[in-house]
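Visitor: fold the following for me, if possible:
(2 chains, ligands or ions: 2)
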Amino acid sequence: MYARGGHFQRGVRRNKETRIEFVMQCQICRKNDATIHLTEIADGARTEIHVCEHCAVEQDIAVKSHIPINELLSSLLASQPTDDELAGPSGAELVCPNCGYTLAQFQKEGTLGCPGDYEVFEKMLGPLIEKAHDGNTTHRGKVPSSAPADTKEQIELLNLRQRLAVAVQNEDYELAAKLRDQINETEK
Amino acid sequence: MKLTDISNDINEWFDGSGPLGDTIMSSRIRLARNLAGYKFLSRCSTAEKTEILNRLKDVITSLDLGDKVFYVSVDEAPTLNKHFLVERHLISRHHAFGKGPRGAVIAEREFFTAMINEEDHLRIQVLKAGCQLSLCAEQINRIDDMIEQKVEYAFSPRYGYLTACPTNLGTGIRVSVMLHLPALKMTGQIEKFFNAAKDMSLAVRGLFGEGTEAASDLYQLSNQVTLGVSESDVVSQFENAIIPEIVEYETAARSQLLSNQSDILDDKISRAMALLQNAHLISSQEALFLLSHLRLGINMHRHMGASTPAIDKLRTLCGESDDAEKASRLSIAKINRLFMLTLPAHLQLNYGKSLDPTHRDALRAQIIRSTLNQDDPQQG
Ligand SMILES: [Zn+2]
Ligand SMILES: [Zn+2]
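Guide: Numbering: from 1, shown residues only, chains lettered A, B, ... in the order given. Ligands and ions are numbered 1, 2, ... in the order given. Purely as a prediction, here's the structure:
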């Protein structure tokens, strides 16, 4: 995964004065021309990588995850009772009954095994989810039309309360009053 | 429908039109969804993946999207076609070079793509020219509603749409804009943009296949937070806060170039023109780098009325002084077309077979020369 950026050497662009080196070598195999060039900014640190198609596939250098998942995973690990290799005993023992997934596998792959894992590993994933989403812990926004009516209502209320908070903050009292009415209406 | 039907031209979303088109090349919104009752892809057998693929393919190809769609069986596609689809922003690199049964449903005008069995069972995206995020949001929401009539998504009241990676949880929305920021780069202020992005918890990357920050001056800016914020919150954050700020930075940098550093500006534009009009071998990186400067010159004239010796010369190429034929004018659309059509997979697909790098560089240089020197019978 891309966040393993520490493995890449950055020496290829050695002379900035010439503005750019047009033919770059792949930083992994040092054989093929680098055709994939990524610049990623995470937490203020910029990393650039230059690799060939072949190595990108080999090393799974994908741009799928914007937040360095490894960073999140290490924070997850840090929050577990320590064991040299895996998560603490509490996490390591857990196996999803539906897909057979364990936390160790999640740490390795960066993706979960099934939707049920969010419940099975809730305790361990909670802090990671919170960190990945700026401290947020619950959904707001769209709800499938097939969702039960009370789910929709619950989320709609959250949405309205959030919008109310913003309206009050912006001193838009007309909108705030309207939203308050809507909240009362929904809560009935 | 063959890929070569679209590969020899650019589509609306990349033609430089649309609001704020001089800075914002395109807007994109993508949603991540998974089907209820199935495991995530990493735990699915090949048979299960095939089942998901066929199901979603049937549903999506039967939707009324206001455009014809075609289907690409990505796992069976030749490597060159995969590279082409990635260059074209129609599928992700992960989708192109992943494993197992997977496919893409693509609208012929390219404003819509559904990637089936990417990291999630389904990722749908809508692409538009310039700054049109609200319109993207409206369209993708409508398409998502139509799909949802026919399948059940994995959803939890607490976490929203459940995704394979927790970083996409909640709305599953990824809002991005492709930005052209040559003046910030030229004036050494690109850090301003990086810092602004950081302050707003956004991810920036130089575009794949289109180089590092030094090359194309094209950046993609996307949201990272998907949980606890509604779709419209994210879109309005972009439209009301992020985009105006970045456009202002770039515009200020362009003014600064014009008033204090016009010799630097003219040097870059003149060199770009000279090289592009005369080179016989040119790499993709070099082409992107130089074309970026032509784009800047034309846009500075169009949007700021800039006039410098190099920009005026460029305008002659654009047919803006009296003589040149309207049809052969150099335009932003033509520059963008060169951006796209000189990428390696585009070159080879249009040529009809794979070429080694030197032959690619020769072909690329020839295409650019003939466009800029206006003597290519195939242009128009
Ligand atoms: Zn390599
Ligand atoms: Zn599971």
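
Visitor: ok, the nearest residue in space to residue B:287 that is not next to it in sequence to residue B:288 distance?
Guide: Spatially, and ignoring its direct neighbours in sequence, residue B:287 is nearest to residue B:342 (5.1 Å; Cβ to Cβ, 6 or more residues apart in numbering or on different chains). Every C-beta, even on glycine, is put in place using the N, C-alpha and C of the backbone. Distance, residue B:342 to residue B:288, using Cβ to Cβ, to the nearest Å: 8 Å.

Visitor: would you confirm that the residue nearest to residue B:287 contacts residue B:370?
Guide: No: Residue B:342 is not in contact with residue B:370 according to Cβ atoms under 8 Å; the separation is 11.8 Å.

Visitor: which one's more surrounded, these two?
Guide: Neighbours per residue (other Cβ atoms under 10 Å in any protein chain shown) separate residue B:342 from residue B:370, with residue B:342 holding more: 24 against 14.

Visitor: distance-wise, check that one relative to chain A.
Guide: Counting by Cβ to the nearest Cβ, to the nearest Å, the gap from residue B:342 to chain A is 13 Å.

Visitor: do the same with residue B:14
Guide: 19 Å.

Visitor: repeat for residue B:80
Guide: 11 Å.

Visitor: pLDDT score assigned to that residue?
Guide: Looking at residue B:80, its pLDDT is 94.

Visitor: the one 4 residues further on too?
Guide: At residue B:84, the predicted lDDT confidence score is 94.

Visitor: okay, now the residue nearest to it when sequence neighbours are not counted: neighbour count?
Guide: What sits nearest to residue B:84 in space, not counting adjacent residues and going by Cβ to Cβ, 6+ apart, is residue B:345, at 4.1 Å. Using other Cβ under 10 Å, residue B:345 has 24 neighbouring residues.

Visitor: average pLDDT for the strand or helix carrying residue B:335?
Guide: Element membership for residue B:335 (DSSP states H and E) is helix B:332-341. Mean pLDDT, helix B:332-341: 90.

Visitor: which helices and strands does it pack with?
Guide: Here helix B:332-341 touches helix B:284-304, helix B:344-351, helix B:357-372, going by 3 or more Cβ pairs under 8 Å, 6 or more residues apart in numbering or on different chains; DSSP states H and E.

Visitor: at the geometric centre of chain B, which residue sits there?
Guide: For chain B, the residue nearest the mean C-alpha position is residue B:89 (5.4 Å; Cα atoms, centre = their mean).

Visitor: so who does the closest residue to that one other than its chain neighbours touch?
Guide: Nearest non-adjacent residue to residue B:89, counting by Cβ to Cβ, 6+ apart: residue B:127, 6.7 Å away. Neighbouring residues of residue B:127 by Cβ atoms under 8 Å, 6 or more residues apart in numbering or on different chains: B:13, B:26, B:27, B:28, B:89, B:110, B:111, B:112, B:113, B:136.

Visitor: any idea how far the fourth one is from residue B:236?
Guide: Meaning residue B:28. For residue B:28 relative to residue B:236 (Cβ to Cβ), the value is 16 Å.

Visitor: these two: who's more crowded?
Guide: residue B:28 (23 against 15).

Visitor: count of neighbours near the residue in chain B positioned nearest to ligand 1?
Guide: Proximity of chain B to ligand 1 (Cβ to the ion) peaks at residue B:97, 13.5 Å away. Residue B:97 has 21 neighbouring residues, counting by other Cβ under 10 Å.

Visitor: my read: residue B:32 touches residue B:123, true?
Guide: Yes: the criterion here is Cβ under 8 Å, and residue B:32 meets it with residue B:123 at 5.3 Å.

Visitor: pLDDT value on residue 36, please?
Guide: All of this is about chain A. For residue A:36, the model assigns a pLDDT of 67.

Visitor: looking at chain B here, not the other one
Guide: pLDDT, the model's per-residue confidence, is 96 for residue B:36.

Visitor: quick one, phi psi at residue 129?
Guide: In the absence of a named chain, chain A is used. phi -60, psi -40 (degrees, to the nearest 10).

Visitor: actually it's chain B I care about, not the one you picked
Guide: phi -80, psi 150.

Visitor: and the gap between residue B:14 and residue B:153?
Guide: According to Cβ to Cβ, residue B:14 and residue B:153 sit 31 Å apart.

Visitor: and for residue A:164, the neighbour number?
Guide: Neighbour tally, residue A:164, other Cβ under 10 Å: 18.

Visitor: for it, which non-adjacent residue is closest in space?
Guide: residue A:179 (4.3 Å).

Visitor: list the residues that contact that neighbour.
Guide: Applying Cβ under 8 Å, 6+ apart, the residues near residue A:179 are A:160, A:163, A:164, A:167.

Visitor: in what helix or strand does it lie?
Guide: With DSSP H and E as the test, residue A:179 turns up in helix A:173-187.

Visitor: check residue A:142 too.
Guide: Using DSSP H and E, no helix or strand contains residue A:142.

Visitor: from memory it sits against residue B:232, does it?
Guide: No: the pair residue A:142 / residue B:232 is not scored as a contact, 9.5 Å apart, by Cβ under 8 Å.

Visitor: quick revisit: backbone dihedrals for the residue nearest to residue B:287, please?
Guide: phi -100, psi 10.

Visitor: for residue B:367, see how far away it is.
Guide: 6 Å.

Visitor: one more: residue A:153?
Guide: Using Cβ to Cβ, one gets 58 Å for the distance from residue A:153 to residue B:367.

Visitor: identify the residues contacting the residue nearest to residue B:337 when sequence neighbours are not counted.
Guide: Using Cβ to Cβ, 6+ apart and skipping the chain neighbours, the partner closest in space to residue B:337 is residue B:10 (4.9 Å). When contacts are counted by Cβ under 8 Å, 6+ apart, residue B:10 touches B:333, B:336, B:337, B:340, B:341.

Visitor: go again using 7 Å as the cut-off
Guide: Contacts of residue B:10 were listed using Cβ atoms under 7 Å, 6 or more residues apart in numbering or on different chains, and they are B:336, B:337, B:340.

Visitor: next: residue B:301.
Guide: Residues near residue B:301 by Cβ under 7 Å, 6+ apart: B:307, B:311, B:315.

Visitor: name the helix or strand for the last one, please.
Guide: When elements are defined using DSSP H and E, residue B:315 is found to belong to helix B:309-317.

Visitor: what's the mean pLDDT across that helix?
Guide: Average pLDDT, helix B:309-317: 86.

Visitor: which of the residues in that helix are buried?
Guide: Of the residues in helix B:309-317, B:310, B:311, B:314, B:315, B:317 count as buried by neighbour count, 16 or more other Cβ atoms under 10 Å in any protein chain shown.

Visitor: next one: stretch B:278-289
Guide: Neighbour count says stretch B:278-289 has B:279, B:282, B:283, B:284, B:285, B:286, B:287, B:288, B:289 buried, by 16+ other Cβ under 10 Å.

Visitor: which of these has the weakest pLDDT?
Guide: Lowest pLDDT among these: residue B:285, 84.
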